[in-house]
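> after the sequence you'll find the predicted model.
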Amino acid sequence: MKSPYIPATSEQREAMLKTLNLSSIDELFSAIPDKLKLKEDLKLPGPYSEYELKKEFQSLIRKNSDAASNTCFLGAGVYDHIIPSAVNHIIGRQEFYTSYTPYQAEISQGVLQAMFEYQTMIAELTGMDASNASVYDGASALYEAVLLAARYNNRSEVVVARSVNPEYRKTLSSVLRYSGITVREVGFNIDNDFGGTLDMSELSEAISENTAAVVVQSPNFFGILEDIKSVSEKAKEKRALLICVCDPISLAVFEAPGSLGADIAVGEAQPLGIPMSFGGPLLGYFAVKKPFIRRMPGRVVGQTTDTEGRRGYVLTLQAREQHIRREKATSNICTNQALCALAATVYLSLMGKRGLTEVASQCIDKSIYAYNTLLATDQVTEVFKSPFFREFVVKPKVSPDKLNKELLNDGIIGGYDLSGDYPELDGCWLVAVTEKRTKAEIDMFSEKVKRICQGGV
Amino acid sequence: MKSPYIPATSEQREAMLKTLNLSSIDELFSAIPDKLKLKEDLKLPGPYSEYELKKEFQSLIRKNSDAASNTCFLGAGVYDHIIPSAVNHIIGRQEFYTSYTPYQAEISQGVLQAMFEYQTMIAELTGMDASNASVYDGASALYEAVLLAARYNNRSEVVVARSVNPEYRKTLSSVLRYSGITVREVGFNIDNDFGGTLDMSELSEAISENTAAVVVQSPNFFGILEDIKSVSEKAKEKRALLICVCDPISLAVFEAPGSLGADIAVGEAQPLGIPMSFGGPLLGYFAVKKPFIRRMPGRVVGQTTDTEGRRGYVLTLQAREQHIRREKATSNICTNQALCALAATVYLSLMGKRGLTEVASQCIDKSIYAYNTLLATDQVTEVFKSPFFREFVVKPKVSPDKLNKELLNDGIIGGYDLSGDYPELDGCWLVAVTEKRTKAEIDMFSEKVKRICQGGV
Amino acid sequence: MRDERTIFEKSVENRIGYSLPESDVPKADIHSVFTENLIRKECPQLPEVSETDVIRHYTALSQRNFGVDSGFYPLGSCTMKYNPKINEDIASLNGFTQMHPLQDLQSAQGCLEVMYRMDKYLSEILGMERVSLQPAAGAQGELAGLMIIKAYHESRNDKKRVKIIVPDSSHGTNPASAALAGFEVVHIRSDERGCVDIKALEEVLDDTVAGLMLTNPNTLGLFEEDILKISEMVHRCGGLLYYDGANMNAVMGIARPGDMGFDIAHVNLHKTFSTPHGGGGPGAGPIGVSKELVPFLPVPVIEKKGDSYVLDYDRPLSIGSIKSFYGNFSVIVKALSYILTMGPRGLKTVSETAVLNANYVRKKLEDVFEIPYNRICMHEFVLSASRQAENDITALDLAKNLIDKGFHPPTVYFPLIVKEAMMIEPTETESPETLDAFIGAMRELAELAKENPELLKNAPKNTYVTRLDEVKAARNPVLKWSR
Amino acid sequence: MRDERTIFEKSVENRIGYSLPESDVPKADIHSVFTENLIRKECPQLPEVSETDVIRHYTALSQRNFGVDSGFYPLGSCTMKYNPKINEDIASLNGFTQMHPLQDLQSAQGCLEVMYRMDKYLSEILGMERVSLQPAAGAQGELAGLMIIKAYHESRNDKKRVKIIVPDSSHGTNPASAALAGFEVVHIRSDERGCVDIKALEEVLDDTVAGLMLTNPNTLGLFEEDILKISEMVHRCGGLLYYDGANMNAVMGIARPGDMGFDIAHVNLHKTFSTPHGGGGPGAGPIGVSKELVPFLPVPVIEKKGDSYVLDYDRPLSIGSIKSFYGNFSVIVKALSYILTMGPRGLKTVSETAVLNANYVRKKLEDVFEIPYNRICMHEFVLSASRQAENDITALDLAKNLIDKGFHPPTVYFPLIVKEAMMIEPTETESPETLDAFIGAMRELAELAKENPELLKNAPKNTYVTRLDEVKAARNPVLKWSR
Ligand SMILES: Cc1ncc(COP(=O)(O)O)c(C=O)c1O
Ligand SMILES: Cc1ncc(COP(=O)(O)O)c(C=O)c1O
């Protein structure tokens, strides 16, 4: 078949076969047993020409309601933040996006230096000593962290707050299933002043000499800030490691986990300039304190010098990795999320310290405004009393599921229905409000919620 | 005002002023008479942040019906062809689009070589000896050509077929208004077998010893092929130059003007990978036979060698240009349409000789199919008998204006209403059908036309 | 590594780089549809290459080119400022790029609103009554403007006005456009301060003068201090004033050509308004005119009628069209995006910073280079390599050495009235650190020109090609590739 | 020109590179909302730079990087084929990028259809029953597959199967993933033909074996001719077969892992299906399974219910989730775009051409390089620089010299069983001319290694940095920039 992506012409193919003393392409496959050879074409559509392809995908996206044409109040781990245009212009440079993992350092200084800068930024945001060059997503970052901890202190239990993102906890349980590590979950306060934060007394009970690590998320899945410092103290008492899951934008204004006793900080860096993309690719970040540097999973870039003494960068500490240590590696990860890490690096460079703080502040201001506006409708009620970041829980008079479906008709992507993950929060609704939302949109949102709840759609 | 596009901080500004021994920015403007200095801010909106800006423009484009979401049968000089994705990926490289005219050849070999390749392709398509590196559009290419001709043979009349694009003729008349050159127009056949082609006997009469050039377009504005060869013979008789306006896609299958006696070939190269963009930027091409090379307007790239004897490219024949010859220059053009010329070069490289022929053939096949299908509705009638390329004239039972308005409701951008430019073709409709249209779209189009004409919208 | 081949030399018979839908209508036999003499005998010899070939070829070419994103680009008179990326995104929306210029205007109200607003905003910035967006570049704006001057005088039956005056420092497009519009061009000299010589002007002003073209600040980067006087003089004798707005970046929000007495002004959107230059174009050169000249504007003019925007072609005094349709629309979209991004305060800061940056560089170079008109300049200044010329180092040598140091050279040998001219325009988008680096490089070159001039003779060395033989190119022009 | 600074070293206090809407809601006092100990004492020290700074900085970095569009990239095992530009355009449509994974599924039917179709198409290509798109890369696919193996045996109450067998030529992720899934790893040697040593396999097969992981063609680029026998042996002893699909580019439309007897297979979309590798990721590593193993697939599984696509989480035997949500969706879109572009015939031509190209290069190098298993190979082959090593020229030296000649080097020192290995995978997107250029370069290097080996010791020279000290980097790791 002729294709613009396969340059060898049939004349050239013939000539190459001749060089090989072969008379047909089939002979190249003589090592494959005859009975394995497909006798018919694969049952696939195509070929599509470029323009037909475009039309085909246009017809697919017509079946989607996206957050560009609808107003998004959904978060729950993936957020609709503003992405500066310059980000895509950089990651769209072929030198970046069509290159492989930088095995050959001398012609990969671009990716390598960018990853070095990424590591620096993540370490700075989290207050940790070092970061790797990314893992798949927040969930996989978490399981890598737990595995590190269990191997480090040779313990077999991990204590996880139920206020940690349920997707992460599900993934963790799956991956730990055959590891000999068990998960012990700790509940959260509901009706008291600390509503929405993890239950400290339950935590104290849960931690033991066999606890490899304690996992806490802040802001937690409900958007509520946890008291990491106290958790840290409890963990340290039993010499368990502390693993913190933090939102990177919140770290512009909230204390870094590294300053609060965390040994490992992990999380989802999608909010840093990466589109939601129906959940992937995301960007798992992974940062540690010094003792754990040589135990990190995945790629790490280090600074060094060339033969002329000039600064340069290489993949380093490879002795940890699977391609050298095989089954003894710190992780199996090979391909990571480099281009997303580059996007985050460009995003953080553009935002700078002021910009990121501005984003975080607006998330606070706008989510508080939305919270108050919603409560003022009298159609939703308060669930937790604790202060939150970007996201909050309320209980509307009609079910979240029904509410969301109705809102969609008005061009609004509603909040997350907590009923499935938290039976005790049946009917509760997790609403996210980023800097991208305007007062007008929030007012409209509250108005629609009010009307739907009042049955007057 | 703080802006991401103005890096100097206020501290740095202060320091710079100090270096200049100035105490305020105002002092920099002391040469400007006080009474000229604006006392108030300009009355302009803004500043908009990037995201607000995007929303603002989104709301503007919502007021447009574009040819991506509607089906376009409109041409009349600007065409809706397929543009391969790779074109934009190349012209989106900053090294190309953010650079200036290649005055400094050694760091501009990219643009220079690309323009050299563009010149080669245009010369090849048109069968001419040389091409310049672009002018603004087809219309300006035409007036430049007429000015060249009049200066060359020192004559003061130009004979122009009325079947030449009316936009071009209007522009030509405007620009010639103060030049001492008069335009004499030649009509076209209507009711005979040569319907739609220029009237040869009228042409013979029009050409005189004072004719600087004859201008003919083929395919002409009605999509109909002209007999360039005969026109050429008539022009040569009186030693007038022949200027041909040709569509570059049609040149894949139709004889090149250079082989038919044209001295100058000009036209609109927008169909070569350049979006319609509401009429701009377009791409004027300009090609000539040898005697006229040093009389061309605009930039020309030439091949040369560097100090090591290696092949390289420079802007050349600059002695023709305004920055050297000032009022004696061959033209006033300075900035041209380089990036569009690059797009055309990439387009032609991708298409290659087979691809361009395929595009041209499909234009022929699909426009013939559309013509026959429309006529078969019995609601439109034939106007001209001559064969056409990509575009044809019919006369529908309802006025083109009404038809177009109705069609738009069905997502169709209808043809061009000829009534304004050609009173004798009142009620006639110029319909373009490119390779982009499918049989289904054409059938739907005919069906809608039929229904509208039958009054059953 | 080094691959000198053109795309044609990479062609392989039968290779393809396209992908088109298969036709789903009956195939016509072209030989039976068209007469044989119309049909091309030999297919045009376009390259036969794959998409990979094309992408690699032009990517490699791009790597031999220097853009604003590559580094400092102080090309005087060209205003090579940074082009915000968002403008590119906006202009590439289907809702703009996929619009046909002739479609029903009710279905193109978004496009018309873009143009209507740009007309208004540019009028405000220029201090003019109305703006036409039709001209595709500065030079075409000049042509339109000069035609308006002609039409204006003719409308008053004043046929003797055949001359346009231009200063000797003016850009070549000015006289060239004047000639194209059918005028006789009269050059006048600049005075010792680099400005219009009032005496010289006085001498040529009479009732054959149609108008004066002026760049202000002029191409030396100097504001014409006597502009009010000049304007008064020209008007008194019945002429009009044309403003070449290539240098608007110096005065936005500070002073307006309309207030200075100019009757017509063009702006180069690809300079002041940050639309990228595309390796030579496309640009856009809208022209603004005073109230009196509005009737002469090119057609169409965009008007608002009730809630709708319409195109007005019915303008008997109009000069007509100087280009198809309505101008370089995409470029206009980018410029609108830029204006909205900056707002009135932002545009003023742009000019202030551009002027500050230019003066800073000037100050830091004045002890080592000759600066013929050395006083506070506007957004750019012109230095002369005349001191260096004593050691046989030309402006061109300095330019080529700057390339090796990672900078795009300034404009050289323009304006014509300064010997060994280097015209330096840093723009507001450059940081003080970048300016300092450039100043450092220039000072180093000045030092070398004194101490070790021969070291400067072979630049550039770090480029894909070394110095190119321009004479050879012009003497025996090779303008296309051939087998 | 040379600018070694990091973005942090370009920071200037108070400079900004962002542009955000101003907040239009009341400002909360963060100190009254949150307790003091939650609030950060010191702002994170991010760079303070302008957009121009950022664009120039990362543009300059990009210019120090080599991509597929820069040239030939025969990195064995990585399938560095050209990435069609249209795939990027399609994946960047708002209708895909701006979708939230948790929004009402009725409002995301387009996304679900993309995934449903990819499940079907990949199943067909692999000869499997169903596919999960969840794994983010090959290694995560392996992990999921091995967990399925574990779950399968456990579901049958077969708890003694604790071992996974991998050949010594296997990729490091195989044993690493097996360990992560809680298995004991057993390595077996390859035979003299470079394939699984049947005897060695025989020896380790018993009822403690959970499965065998195999790459086919293997990492030597050789098809495991005895695959049916191997599969029969493993199955007979109660084990399962896992297919590492990194090398699928050799056999699309020609043979299918499912038909070979494999029970589970992953494919790397960022290799075979042409999604760009992004400088290290993201990729996608979907896994396909046989009918028997469908119940164990990760959740959710996409099903069609009437006219709608739905997500099925209610799968009691499922291994659960190994990643958030549904996989690297954007990458999946690009791969779907690729499959539709090629169609069934196209994919077959891809594999045929990839194999032809590899054999052509092998043939043209076999007289000057040692090729340990020199027979018809599949899409890649491994040569050894052992002859050159006699003159002290290593595979690494050859690699670094290729850089200076404009090529990305092949994979070196893998697989581990070949000394001084260079693993060459040209892919089908390379033209014969490019292959010839590479062959020429390799032959020239072989010649130099014989005649003038010292000339090869200092490469690369034409790069931004020369050879880098990796030992230093690892000994005293500097993993972040600090003041
Ligand atoms: C002072 C001056 N006037 C006029 C022009 C012509 O503008 P354009 O190149 O847009 O035609 C230029 C551009 O170089 C210029 O610098
Ligand atoms: C043979 C083989 N198996 C597995 C992998 C791992 O795949 P990934 O990098 O996608 O995790 C690779 C990639 O390098 C490989 O070459």
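The structure has been received and is ready for your questions. Numbers count the residues shown, from 1 in each chain, chains lettered A, B, ... in the order given. Ligands and ions are numbered 1, 2, ... in the order given.

> beyond the helix ranked longest in chain A, next helix or strand please.
Scanning chain A for the longest helix, with DSSP state H as the assignment, gives helix A:338-376. Using DSSP states H and E, the helix or strand that follows helix A:338-376 towards the C-terminus is strand A:380-382.

> rewinding a little: flag every buried residue along the longest helix of chain A.
A:338-371, A:373-374 (16 or more other Cβ atoms under 10 Å in any protein chain shown). (C-beta placed from N, C-alpha, C; glycine too.)

> what of stretch A:205-222?
Buried residues in stretch A:205-222, counted by 16+ other Cβ under 10 Å: A:206-207, A:210-222.

> of those, which belong to strands?
A:Thr211, A:Ala212, A:Ala213, A:Val214, A:Val215, A:Val216, A:Gln217 (DSSP state E).

> partners of the fifth one in the sheet?
Here A:Val215 sits in beta bridges with A:Val160, A:Ile243, going by DSSP bridges.

> ok, now which ones touch it?
A:Leu142, A:Ala145, A:Val146, A:Val158, A:Val159, A:Val160, A:Ala161, A:Val164, A:Leu172, A:Ile243, A:Cys244, A:Val245 (Cβ atoms under 8 Å, 6 or more residues apart in numbering or on different chains).

> OK, contacts around the fourth one?
With contact set as Cβ under 8 Å, 6+ apart, A:Val158 has these partners: A:146, A:149-150, A:172, A:176, A:181-184, A:211-215.

> what pLDDT does it get?
Confidence at A:Val158, expressed as pLDDT, is 98.

> name the SS class of it, please.
strand (DSSP: H, G, I helix; E, B strand; the rest coil).

> can you tell me how far it is from chain B?
The gap separating A:Val158 from chain B is 40 Å, by Cβ to the nearest Cβ, to the nearest Å.

> now do the fifth one
The gap separating A:Val159 from chain B is 41 Å, by Cβ to the nearest Cβ.

> quick check: that residue touching A:Glu205?
No: A:Val159 sits out of contact with A:Glu205 when judged by Cβ atoms under 8 Å, with a separation of 9.7 Å.

> can you give me the helices in the stretch 201-350 of chain A?
For the stretch 201-350 of chain A, the helices defined by DSSP state H, counting those that start in this stretch cover A:228-237, A:322-325, A:338-376.

> what comes up buried for the second one?
By that I understand helix A:322-325. A:Gln322, A:His323, A:Arg325.

> looking at those residues, spot the one nearest B:Met296.
Closest approach to B:Met296 among those (Cβ to Cβ): A:His323, at 60.1 Å.

> for that closest one, give me its contacts.
Residues near A:His323 by Cβ under 8 Å, 6+ apart: A:Cys334, D:His171, D:Gly172, D:Thr173, D:Phe414.

> quick one: pLDDT of C:Ala459?
Looking at C:Ala459, its pLDDT is 95.

> select only the buried ones of the contacts of A:His323 in PyMOL?
To isolate in PyMOL the members of the contacts of A:His323 that are buried, counting by 16+ other Cβ under 10 Å, one can use:
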select buried, (chain A and resi 334) or (chain D and resi 171+172+173+414)
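
> and of the contacts of A:His323, the nearest to D:Pro47?
Of all the contacts of A:His323, D:Pro47 sits closest to A:Cys334, with 30.3 Å by Cβ to Cβ.

> how much space between the closest one and chain D?
Taken as Cβ to the nearest Cβ, the span from A:Cys334 to chain D is 5 Å.

> go on, C:Thr429?
C:Thr429 is 5 Å from chain D, where distance means Cβ to the nearest Cβ.

> before we move on, what about C:Val333?
18 Å.

> circling back to that earlier point, touching chain B at all, the longest helix of chain A?
Yes: with Cβ under 8 Å from any Cβ of the partner chain as the criterion, chain B is reached by helix A:338-376 at A:Leu350.

> for stretch A:299-317, which positions count as buried?
Buried, per 16+ other Cβ under 10 Å, within stretch A:299-317: A:299-304, A:306, A:311-317.

> what angle separates the strand or helix carrying A:Ala149 from strand A:157-161?
Of the helices and strands defined by DSSP H and E, A:Ala149 is found in helix A:138-153. Relative orientation of helix A:138-153 versus strand A:157-161 (axes from the mean of the first three to the mean of the last three Cα atoms, to 10 degrees): 140 degrees.

> which of the buried residues of stretch A:299-317 lies closest to ligand 1?
Nearest to ligand 1 out of these is A:Arg311 (Cβ to the nearest ligand atom; 40.6 Å).

> distance check, the closest one against A:Glu124.
According to Cβ to Cβ, to the nearest Å, A:Arg311 stands 19 Å off from A:Glu124.

> and the buried residues of stretch A:299-317, which two are the farthest apart?
Longest distance between any two of these is 20.2 Å, between A:Arg299 and A:Asp306; criterion Cβ to Cβ.

> who's in contact with the closest residue to ligand 1 within chain C?
As assessed by Cβ to the nearest ligand atom, ligand 1 sits closest to C:Gly138 within chain C, at 2.4 Å. C:Gly138 makes contacts with B:Cys334, B:Thr335, C:Thr173, C:Asp244, C:Gly245, C:Ala246, C:His266, C:Asn268, C:Lys271, C:Gly283, C:Gly285, as judged by Cβ under 8 Å, 6+ apart.

> now, which of the residues you listed lie within strands?
Those of the contacts of C:Gly138 lying in strands (DSSP E): C:Asp244, C:Gly245, C:His266.

> what's the end-to-end length of stretch A:149-169?
End-to-end distance for stretch A:149-169, by Cα to Cα, to the nearest Å: 16 Å.

> same deal with stretch C:236-256?
End-to-end distance for stretch C:236-256: 21 Å, by Cα to Cα.

> what separation do you get for the single nearest residue of the stretch 351-483 of chain C relative to chain D and C:Tyr309?
Nearest to chain D, among the residues of the stretch 351-483 of chain C, is C:Gly406, at 3.5 Å (Cβ to the nearest Cβ). In this structure, C:Gly406 and C:Tyr309 are 47 Å apart, going by Cβ to Cβ.
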